[in-house]
Structure formats: structure tokens, C-alpha cells
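S.K.: I'd like to go over a predicted model; first the sequence, then the structure.
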Amino acid sequence: MKNILLICGSGASSGFMAAAIRKAAKKAGIEVSVKASSESQLDDRIDTTDILLIGPHLSYMVDDLKKEVGDRSIKIAVIPQAIYGSLNGPKALELIQQMEG
């Protein structure tokens, strides 16, 4: 099972996105763990994360987050605004699957 962490500024909007991804994964029969968090909690969760998804409003932080991840084998992507803004769980799940392949 892949452990996915979504981060946004406060953790609120990513909570809705995480729920949409969990729902889409369940419907597709895909087993994932999707947690939402604020970017300030990344240190506490980084060692149990396989994929780090970033809210589009935090795209300016990608380089800093890559440095924080360091040499861990964590894949990082910014969720496109069109997916994040509409809470499109199936499209976000597609993004995750593309990252894995």
C-alpha cells in the first residue's frame, strides 16, 4: 500500500482532496493511504510517506520541499489547480498512478 501525503497551507483544503482520492481509490479497488496535513507537519510524517502531493497554491515551495525530502525515495508533485479546485478524486488518483508508473 502506498502512503500518500497531501499538504496545503493549513491542512483544511487538502483534507477534502484526500477524502476525494480515498473515495476514488475505493471505487477503483486500489489500496492507498491518503493523509492530509499542513506543510509545517511534514517533518513528522516524512518517513512514512511514499508520495507527496502539494496543493497548487504551494507550488512555490517545491524546491524547498525537495531539499527537505533529500535522498528519500519520495515522489513529489503539485496537484494541478483544475483537479484541486474541483476536488476531482479520480483525476488526482490518475496523477498518483502516473507517478508510480
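M.R.: Done, it's in.

S.K.: now the strands: where do they sit in the protein?
M.R.: Along the chain, counting by DSSP state E, strands occupy 2-8, 32-38, 51-54, 75-78.

S.K.: need those in a markdown table with mean neighbour count, can you?
M.R.: In this view, the C-beta of every residue, glycine as well, is placed from N, C-alpha and C. Output for the strands of the chain, formatted as a markdown table (neighbours: other CB atoms under 10 Å):
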| stretch | mean neighbour count |
| --- | --- |
| strand 2-8 | 22 |
| strand 32-38 | 19 |
| strand 51-54 | 23 |
| strand 75-78 | 16 |
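
S.K.: can you list those in a markdown table and add distance to Gly101 and mean pLDDT?
M.R.: Shown next, in a markdown table, are the strands of the chain (distance: least, CB to CB, whole Å; pLDDT from 0 to 100):
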| stretch | distance to Gly101 | mean pLDDT |
| --- | --- | --- |
| strand 2-8 | 12 | 93 |
| strand 32-38 | 14 | 93 |
| strand 51-54 | 12 | 96 |
| strand 75-78 | 11 | 95 |
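
S.K.: Now distance to Gln98 too, for these, in a markdown table please.
M.R.: Output for the strands of the chain, formatted as a markdown table (distance: least, CB to CB, whole Å):
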| stretch | distance to Gln98 |
| --- | --- |
| strand 2-8 | 13 |
| strand 32-38 | 14 |
| strand 51-54 | 11 |
| strand 75-78 | 9 |
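
S.K.: Noted, bye for now.
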